[in-house]
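Chemist: Please find the sequence and the predicted model below.
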Amino acid sequence: MAPRVFRIAPSILSADFARLGEEVTAVLAAGADMIHFDVMDNHYVPNLTVGPLVCEAVRPLTKSTIDVHLMVKPVDRIVPDFARAGADIISFHPEASEHVDRTIELIHASGCKAGLALNPATPLSCLDHVLHKLDLVLVMSVNPGFGGQKFIPHVLDKLREARARIDRAGRPISLEVDGGVNAENIASVARAGADTFVAGSAIFGAKDYRTVISKMRQELGTVG
Ligand code: DX5
Ligand code: ZN
(Lines give C-alpha, C1' and ligand atoms only; values in the text may rest on other atoms or scores of the structure.)
(Ligands and ions follow the chains in the order given, each with its own letter.)
Protein backbone atom coordinates (compact mmCIF):
# COMPACT_ATOMS: atom_id res chain seq x y z
CA MET A 1 0.00 0.00 0.00
CA ALA A 2 1.28 3.51 -0.82
CA PRO A 3 2.32 5.55 2.25
CA ARG A 4 -0.36 7.83 3.56
CA VAL A 5 -0.06 11.51 2.65
CA PHE A 6 -0.89 13.68 5.64
CA ARG A 7 -2.71 16.97 5.20
CA ILE A 8 -3.14 19.79 7.70
CA ALA A 9 -6.36 21.76 7.31
CA PRO A 10 -6.65 24.85 9.52
CA SER A 11 -10.26 25.71 10.36
CA ILE A 12 -10.94 29.39 9.77
CA LEU A 13 -13.49 29.22 12.59
CA SER A 14 -10.70 30.25 14.95
CA ALA A 15 -9.20 32.88 12.63
CA ASP A 16 -9.50 36.62 13.18
CA PHE A 17 -12.57 37.33 11.03
CA ALA A 18 -11.75 41.03 10.82
CA ARG A 19 -8.62 40.01 8.87
CA LEU A 20 -9.85 36.79 7.26
CA GLY A 21 -8.03 37.18 3.94
CA GLU A 22 -4.69 37.83 5.63
CA GLU A 23 -5.26 34.89 7.96
CA VAL A 24 -5.92 32.50 5.07
CA THR A 25 -2.82 33.70 3.23
CA ALA A 26 -0.68 33.53 6.37
CA VAL A 27 -1.68 30.04 7.38
CA LEU A 28 -1.07 28.66 3.89
CA ALA A 29 2.30 30.44 3.72
CA ALA A 30 3.09 28.82 7.06
CA GLY A 31 2.75 25.37 5.51
CA ALA A 32 -0.94 24.40 5.73
CA ASP A 33 -2.22 22.18 2.92
CA MET A 34 -5.80 23.38 2.65
CA ILE A 35 -8.44 25.60 4.25
CA HIS A 36 -11.25 24.07 6.29
CA PHE A 37 -14.35 26.24 6.02
CA ASP A 38 -16.94 25.64 8.77
CA VAL A 39 -20.49 26.59 7.81
CA MET A 40 -23.00 26.70 10.69
CA ASP A 41 -26.66 27.67 10.50
CA ASN A 42 -27.94 28.07 14.10
CA HIS A 43 -30.39 25.25 13.31
CA TYR A 44 -28.49 22.04 12.73
CA VAL A 45 -25.85 23.33 15.15
CA PRO A 46 -26.24 26.08 17.78
CA ASN A 47 -23.90 28.56 16.13
CA LEU A 48 -23.88 30.76 13.05
CA THR A 49 -20.86 31.37 10.84
CA VAL A 50 -20.25 32.08 7.18
CA GLY A 51 -21.86 31.36 3.83
CA PRO A 52 -20.97 31.20 0.13
CA LEU A 53 -20.24 34.93 -0.12
CA VAL A 54 -17.29 34.55 2.23
CA CYS A 55 -16.10 31.45 0.38
CA GLU A 56 -16.22 33.44 -2.87
CA ALA A 57 -14.21 36.23 -1.24
CA VAL A 58 -11.51 33.81 -0.06
CA ARG A 59 -11.32 31.81 -3.31
CA PRO A 60 -9.07 34.22 -5.29
CA LEU A 61 -6.50 34.21 -2.48
CA THR A 62 -5.35 30.64 -3.06
CA LYS A 63 -5.22 27.68 -5.40
CA SER A 64 -5.17 25.35 -2.38
CA THR A 65 -8.16 23.18 -1.60
CA ILE A 66 -11.13 24.81 0.10
CA ASP A 67 -12.72 22.11 2.22
CA VAL A 68 -16.27 23.16 3.07
CA HIS A 69 -17.83 21.49 6.11
CA LEU A 70 -21.57 22.09 6.03
CA MET A 71 -23.29 22.01 9.41
CA VAL A 72 -26.58 23.13 7.93
CA LYS A 73 -30.03 21.62 7.53
CA PRO A 74 -31.37 21.30 4.90
CA VAL A 75 -28.24 20.75 2.83
CA ASP A 76 -29.21 20.54 -0.83
CA ARG A 77 -30.31 24.12 -1.46
CA ILE A 78 -26.94 25.54 -0.52
CA VAL A 79 -24.66 22.99 -2.25
CA PRO A 80 -24.62 24.58 -5.75
CA ASP A 81 -24.00 27.99 -4.16
CA PHE A 82 -20.83 26.73 -2.49
CA ALA A 83 -19.74 24.99 -5.68
CA ARG A 84 -20.10 28.28 -7.56
CA ALA A 85 -18.27 30.06 -4.76
CA GLY A 86 -15.23 27.87 -5.38
CA ALA A 87 -15.45 24.99 -2.91
CA ASP A 88 -13.35 21.95 -3.83
CA ILE A 89 -14.74 19.51 -1.27
CA ILE A 90 -18.19 19.69 0.31
CA SER A 91 -19.01 17.56 3.36
CA PHE A 92 -22.36 17.27 5.08
CA HIS A 93 -23.92 15.41 7.99
CA PRO A 94 -26.26 12.48 7.20
CA GLU A 95 -28.76 13.70 9.84
CA ALA A 96 -29.09 16.97 7.94
CA SER A 97 -30.14 15.44 4.61
CA GLU A 98 -33.38 13.57 3.89
CA HIS A 99 -31.63 11.70 1.06
CA VAL A 100 -27.97 11.13 1.66
CA ASP A 101 -27.29 9.42 -1.66
CA ARG A 102 -29.02 12.23 -3.55
CA THR A 103 -26.97 14.89 -1.75
CA ILE A 104 -23.73 13.07 -2.64
CA GLU A 105 -24.86 12.97 -6.27
CA LEU A 106 -25.71 16.66 -6.14
CA ILE A 107 -22.26 17.57 -4.79
CA HIS A 108 -20.60 15.58 -7.57
CA ALA A 109 -22.90 17.02 -10.22
CA SER A 110 -21.91 20.48 -8.94
CA GLY A 111 -18.28 19.64 -9.68
CA CYS A 112 -16.99 19.06 -6.13
CA LYS A 113 -15.68 16.15 -4.13
CA ALA A 114 -18.14 14.78 -1.60
CA GLY A 115 -17.62 14.00 2.07
CA LEU A 116 -19.84 12.60 4.79
CA ALA A 117 -19.35 14.01 8.30
CA LEU A 118 -20.06 11.71 11.25
CA ASN A 119 -20.75 13.13 14.69
CA PRO A 120 -19.24 11.34 17.70
CA ALA A 121 -22.49 9.40 18.25
CA THR A 122 -23.22 8.74 14.56
CA PRO A 123 -22.42 5.12 13.69
CA LEU A 124 -20.07 4.11 10.90
CA SER A 125 -22.93 2.04 9.47
CA CYS A 126 -24.03 5.32 7.84
CA LEU A 127 -21.26 4.60 5.35
CA ASP A 128 -22.66 1.18 4.42
CA HIS A 129 -24.26 1.93 1.08
CA VAL A 130 -22.48 5.13 0.14
CA LEU A 131 -18.78 4.70 0.90
CA HIS A 132 -18.09 3.68 -2.70
CA LYS A 133 -19.33 7.10 -3.81
CA LEU A 134 -17.50 9.23 -1.27
CA ASP A 135 -14.20 11.08 -1.65
CA LEU A 136 -13.85 11.82 2.05
CA VAL A 137 -15.08 10.62 5.42
CA LEU A 138 -15.00 13.29 8.12
CA VAL A 139 -14.96 11.86 11.63
CA MET A 140 -15.94 14.46 14.21
CA SER A 141 -13.92 14.24 17.40
CA VAL A 142 -16.08 16.87 19.14
CA ASN A 143 -19.77 17.62 18.85
CA PRO A 144 -20.12 20.15 16.05
CA GLY A 145 -20.87 23.80 16.68
CA PHE A 146 -17.84 25.33 18.35
CA GLY A 147 -14.08 25.53 18.09
CA GLY A 148 -11.81 24.98 21.05
CA GLN A 149 -13.42 21.81 22.44
CA LYS A 150 -11.57 18.81 23.82
CA PHE A 151 -10.83 15.79 21.62
CA ILE A 152 -13.10 12.85 22.57
CA PRO A 153 -10.63 9.94 23.06
CA HIS A 154 -13.20 7.25 22.22
CA VAL A 155 -13.11 8.52 18.63
CA LEU A 156 -9.69 6.86 18.16
CA ASP A 157 -11.41 3.45 18.00
CA LYS A 158 -13.89 4.80 15.50
CA LEU A 159 -11.05 6.13 13.35
CA ARG A 160 -9.38 2.71 13.35
CA GLU A 161 -12.62 1.13 12.20
CA ALA A 162 -13.19 3.83 9.58
CA ARG A 163 -9.65 3.29 8.27
CA ALA A 164 -10.30 -0.45 7.93
CA ARG A 165 -13.50 0.21 6.00
CA ILE A 166 -11.75 2.66 3.69
CA ASP A 167 -8.87 0.25 3.06
CA ARG A 168 -11.39 -2.46 2.21
CA ALA A 169 -13.13 -0.09 -0.20
CA GLY A 170 -9.93 -0.13 -2.27
CA ARG A 171 -10.21 3.35 -3.73
CA PRO A 172 -8.82 6.73 -2.62
CA ILE A 173 -11.00 8.15 0.15
CA SER A 174 -9.58 10.67 2.64
CA LEU A 175 -10.13 10.14 6.34
CA GLU A 176 -10.41 13.54 7.96
CA VAL A 177 -10.62 14.18 11.68
CA ASP A 178 -12.14 17.36 13.05
CA GLY A 179 -12.16 18.72 16.60
CA GLY A 180 -9.64 19.16 19.37
CA VAL A 181 -6.64 18.15 17.27
CA ASN A 182 -3.32 19.67 18.33
CA ALA A 183 0.42 19.03 18.16
CA GLU A 184 0.23 16.86 21.28
CA ASN A 185 -2.36 14.37 20.01
CA ILE A 186 -1.92 14.53 16.23
CA ALA A 187 0.46 11.55 16.09
CA SER A 188 -1.92 9.25 17.96
CA VAL A 189 -4.77 10.44 15.75
CA ALA A 190 -2.67 9.63 12.68
CA ARG A 191 -1.78 6.21 14.09
CA ALA A 192 -5.50 5.54 14.41
CA GLY A 193 -5.79 6.05 10.66
CA ALA A 194 -6.59 9.69 9.87
CA ASP A 195 -4.78 11.37 6.99
CA THR A 196 -6.33 14.84 7.05
CA PHE A 197 -6.25 16.88 10.24
CA VAL A 198 -8.51 19.85 10.87
CA ALA A 199 -7.17 22.16 13.55
CA GLY A 200 -8.72 25.49 14.44
CA SER A 201 -7.76 26.80 17.86
CA ALA A 202 -4.46 24.88 17.97
CA ILE A 203 -3.23 26.75 14.89
CA PHE A 204 -4.96 30.13 14.98
CA GLY A 205 -4.51 30.33 18.75
CA ALA A 206 -0.74 29.94 18.38
CA LYS A 207 1.57 32.96 18.22
CA ASP A 208 3.42 31.62 15.22
CA TYR A 209 1.53 29.54 12.64
CA ARG A 210 4.70 28.16 11.03
CA THR A 211 6.02 26.89 14.35
CA VAL A 212 2.84 25.03 15.26
CA ILE A 213 2.35 23.56 11.77
CA SER A 214 6.00 22.44 11.67
CA LYS A 215 5.58 20.82 15.07
CA MET A 216 2.50 18.98 13.79
CA ARG A 217 4.44 17.77 10.74
CA GLN A 218 7.32 16.69 12.91
CA GLU A 219 4.89 14.64 15.03
CA LEU A 220 3.36 13.16 11.89
CA GLY A 221 6.86 12.21 10.76
CA THR A 222 7.06 9.79 13.70
CA VAL A 223 4.05 7.84 12.40
CA GLY A 224 5.05 4.80 10.36
C1 DX5 B 1 -16.58 22.21 14.94
C2 DX5 B 1 -15.87 22.46 13.63
C3 DX5 B 1 -14.39 22.28 13.69
C4 DX5 B 1 -13.73 23.13 14.70
C5 DX5 B 1 -12.30 22.75 14.88
O6 DX5 B 1 -17.94 22.19 14.73
O7 DX5 B 1 -16.36 21.61 12.63
O8 DX5 B 1 -13.81 22.46 12.42
O9 DX5 B 1 -13.82 24.47 14.44
O10 DX5 B 1 -11.79 23.60 15.86
P11 DX5 B 1 -10.81 23.09 16.99
O12 DX5 B 1 -9.60 22.57 16.29
O13 DX5 B 1 -10.57 24.31 17.80
O14 DX5 B 1 -11.52 22.01 17.74
ZN1 ZN C 1 -15.26 21.47 10.67
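Modeler: Perfect, I can see it now. Ligands and ions are numbered 1, 2, ... in the order given.

Chemist: hmm, who's touching the longest helix anywhere in the chain?
Modeler: For the chain, the longest helix by residue count, based on DSSP state H, is helix 155-169. With contacts defined as Cβ atoms under 8 Å, 6 or more residues apart in numbering, helix 155-169 is touched by 1, 118, 120, 124, 127, 131-132, 137, 139-141, 173, 175, 177, 188-189, 192-194. C-betas here are computed from N, CA, C, even on glycine.

Chemist: give me that answer again for 7 Å
Modeler: Defining contact as Cβ atoms under 7 Å, 6 or more residues apart in numbering, one finds that helix 155-169 is touched by 120, 124, 127, 131-132, 137, 139, 141, 173, 175, 177, 188-189, 192-194.

Chemist: Same question for stretch 90-102.
Modeler: By Cβ under 7 Å, 6+ apart, the surrounding residues in contact with stretch 90-102 are 44, 68-76, 79, 82, 103, 107, 112, 114-117, 119, 122, 126, 130, 136, 138.

Chemist: Determine the number of other residues adjacent to Arg102.
Modeler: 12 (other Cβ atoms under 10 Å).

Chemist: swap that for Gly145, sorry
Modeler: So Gly145, with other Cβ under 10 Å, has 15 neighbours.

Chemist: what's the answer for Arg19, then?
Modeler: 11.

Chemist: Repeat that for Ala169.
Modeler: The number of residues packed around Ala169, counting by other Cβ under 10 Å, is 14.

Chemist: Now the residue of the chain found nearest ligand 2. Its backbone dihedrals?
Modeler: Relative to ligand 2, the nearest point of the chain is His69 (3.7 Å; Cβ to the ion). His69 adopts backbone torsions of phi -110, psi 100, taken as degrees, to the nearest 10.

Chemist: Hmm, Asp38 and it touching each other?
Modeler: Yes: with contact defined as Cβ atoms under 7 Å, His69 reaches Asp38; the gap is 5.2 Å.

Chemist: on that earlier part again, among the contacts of helix 155-169, name the ones in helices.
Modeler: Among those, the members falling in helices (DSSP H) are 188-189.
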